[in-house]
Every structure is written in C-alpha cells, then in structure tokens.
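[1] Based on what follows, work out the 3D shape:
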Amino acid sequence: MTVEIISLHVDAHDPVALAHFWAGVLGLEVLGDTADDVALPPGDETGFVIRFGRTEIAKKGPNQMHFDLSSGTPQEQAATVERALATGASHLDVGQLPEEEHVVLADPEGNEFCVVEAGNGFLEGTGRIGCLSSDGTRRLGHFWSSALGWPLVWDQDEETAIQSPQGGTKISWGGPPLAPRSGTERLHWHVAPRSGNQQAEVVRLLSLGATRLDLGQAAGDWVVMADPDGNEFCVLAAR
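    Sure thing, here's the model as predicted:
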C-alpha cells in the first residue's frame, strides 16, 4: 500500500491572484477560478495539482518548502526571471554567494522560489518545477519514499531526494541544520490511499513515523497528520 500525491496546497491571502501569478510563470491554465479555491493542473509526470486556498494567517519566516524551477537554456532562465518580476515577484537575499548561478525570488505573497541555471545536473530530465526543495532531516526522505513508493534518487551527507518512477518533479530535503519553525506552513501535501482504504493507510503512515494531529478540524473526508519532522499533511479519502 502507498499513498499518492493529490495536490500541493498553498495557503494564500488572495488565492486567485497568486494562482494567476504562478500560472503565468509556469505556463499553465487556472482551474476553478473562485475566491477561495483555485488550482493549477499537473505540469509534468508527477500528476498532482497545485491548489491555492484562503488563509488570514500572516507569513512568518521562510517556508519549509520552495520551488526550484528548471531552465533549458540561459535565455530561458533570464526570461523566467523577467516574467516573474514583471508580474509581481521580487529579488530575495537569502545569503546566496555571488558565484551561485541560480536566482532567488519571492512571489507576490513572499513565498520563496529559485530559478535554477541551465545545465544543472540535479534537475536534468525533471519537469518545469524541477524540484520541491525542503528543509528537513534525512528521515523525511526515507519516510516519504516509503509513503509514496517513490525511490530515493539521492541519499548522501544527510541530504535526500525522491522522484516518481515516471520522472518529473523531485522532492528533496537538505538535512540539518534546520531553520527554526515560524508558524503554520503555507505549503503542505494532500495525499490519498491508492488502496482505497484510508484508515489502513493512516495506520501504515503511523508505523512509518507520522503522527495524527488535532487542529480543531471538523469531521470530514480527511485526516490531518504530521511527518516525522512535524510538517502537517492531509490524508484524503480514496478518490
């Protein structure tokens, strides 16, 4: 048994505006253009949507997870940066070195992302979102590899990464030291059991090191959990 990623959920003060920003950057169409629930379709082989939902909670500190956008050529990298800046992004100083070729930006709501240089070997053969780079310990790579059934494609020096057997976007964890937590995560996963048995999958995830969370949520079709590093995710009923 494994779970599959249904969506990457992004909390936003203005979900529609943020969805349109990312649609423009990624070259995707906006789905369900409503005030509180808007999404972008899958952009590559990983098959999950990016869903934007409304929050009133202010962003505090850097996100645990951010997009690394791939570039086929130097011209494509420059065009992506120019397009993002023209539609509301801003440059961000996170202590990157002058010789580093990736460009660090923030979207209109302050969510960090990188536009990675052409020829980056780690992102070779990935999708437009080359990687979802995460702050996290080595055990997260092993946890999510087991949870999703995705193989580890990197496991060295406390750093791990996984990728769908079909290719597409990688998910990576940078290892310690970890940044201090700064409130509710604005990006989190929604997953669903491939087996159709939500409760059995919750039990399996608990055995892998997850925990159940009570966030005051109403009874419904999802179970809120935390991975071994304490990052929240939701387990939906089978589709």
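
[2] Dump the longest strand belonging to the chain to CSV, keeping only the CA atoms.
    Counting residues, the longest strand in the chain under DSSP state E turns out to be strand 3-12. Only the C-alpha atoms of strand 3-12 are listed here, as CSV (Å, rounded to 0.1, in the frame of the first residue of the first chain):
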residue,chain,number,x,y,z
VAL,A,3,-0.4,7.0,-0.9
GLU,A,4,-0.4,9.2,-4.0
ILE,A,5,0.0,13.0,-4.0
ILE,A,6,-3.3,14.6,-5.0
SER,A,7,-2.2,18.2,-4.6
LEU,A,8,0.3,20.6,-3.2
HIS,A,9,-1.9,23.0,-1.1
VAL,A,10,-0.7,26.6,-0.9
ASP,A,11,-2.2,29.0,1.7
ALA,A,12,-2.7,32.5,0.3
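
[3] Partner strands of that strand and their direction?
    Using DSSP bridges, the strands paired with strand 3-12 in its sheet are strand 49-54 (parallel), strand 187-193 (antiparallel).

[4] Quick one: residues in contact with it.
    18-19, 39, 46-55, 57, 109, 111, 132, 147-148, 184, 186-194, 201, 205, 234-236, 239 (CB atoms under 8 Å, 6 or more residues apart in numbering). C-beta coordinates here come from the backbone N, C-alpha and C atoms, glycine included.

[5] Buried among these? Make that a ChimeraX selection.
    The following ChimeraX line selects those of the contacts of strand 3-12 that are buried, judged by 16 or more other CB atoms under 10 Å:
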select :18,19,39,46,48,49,50,51,52,55,109,111,132,147,148,186,187,188,189,190,191,192,193,201,205,234,235,236
